[in-house]
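*Asks:* I'd like to go over a predicted model; first the sequence, then the structure.
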Amino acid sequence: MYQILKQMLKTGINTETPPLADESLRVGDQEIRADILKVFGGALAIRHVDAGSCNGCELEIHCVNNPYYNIEGLGIHFVASPRHADMLLVTGPVARHMETALKRTYDATPEPKLVVAVGDCGCNGGIFGESYASCGQISNVIPVDVAVPGCPPTPTAILQAILTAVSAKPVK
């Protein structure tokens, strides 16, 4: 026990250094809120769908929700039902048993709807590809507006993809 305490005092506290602030995300909260209001008439509601992932992307999505990235502060929140969602955030290659559920979720989402494919598996099938058990990329099942590559992508990349999808959506 003495050796462990001695080693702790010698090395200090070992933690990861915090990520550097990405100034491109701080372009103005008001502009982002205005875009969201213009397109959706209120806050952006996201429904996350796991179509068969390894949960690496889900961990990064949870990071987007923490106080550091503060997605709630931009007027973006996650909802439990696709009927209340404006955007689907889909992760993983589409497993065959999730194909019908993903299509039904997409159909239940009201217009105007956006789809963001998260991770290499969602963008191109990743290491799973297409097989007897996997449909591969998400765009093989439903139309995708924005794809976020990476295994897993960083929270910054996910947040930028969400904002890109909102800014690229034409106002009806």
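*Replies:* Here it is on my side, so go on. Predicted model only: the values in this text are computed from it and were never measured.

*Asks:* wouldn't Gln137 be in contact with Asp120 here?
*Replies:* No: Gln137 is beyond contact range of Asp120, at 9.4 Å (criterion: Cβ atoms under 8 Å). Any C-beta I mention is one placed from the backbone N, CA and C, and that applies to glycine too.

*Asks:* Work out the gap between the helix or strand hosting Ile4 and the centre of the chain.
*Replies:* Using DSSP states H and E, Ile4 sits in helix 2-11. Relative to its parent chain, helix 2-11 has a centroid offset of 41 Å by Cα atoms, centre = their mean, to the nearest Å.

*Asks:* and if you look at stretch 55-65?
*Replies:* 7 Å.

*Asks:* Kindly format the C-alpha coordinates of stretch 114-121 as PDB.
*Replies:* C-alpha atoms of stretch 114-121 as PDB (Å, rounded to 0.1, in the frame of the first residue of the first chain):
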ATOM      1  CA  LEU A 114     -33.400  14.800 -42.100                       C
ATOM      2  CA  VAL A 115     -31.200  11.700 -41.800                       C
ATOM      3  CA  VAL A 116     -27.600  11.700 -40.600                       C
ATOM      4  CA  ALA A 117     -25.600   8.500 -40.900                       C
ATOM      5  CA  VAL A 118     -23.000   8.300 -38.200                       C
ATOM      6  CA  GLY A 119     -19.800   6.300 -38.300                       C
ATOM      7  CA  ASP A 120     -18.000   4.300 -41.000                       C
ATOM      8  CA  CYS A 121     -20.500   1.500 -40.600                       C
END
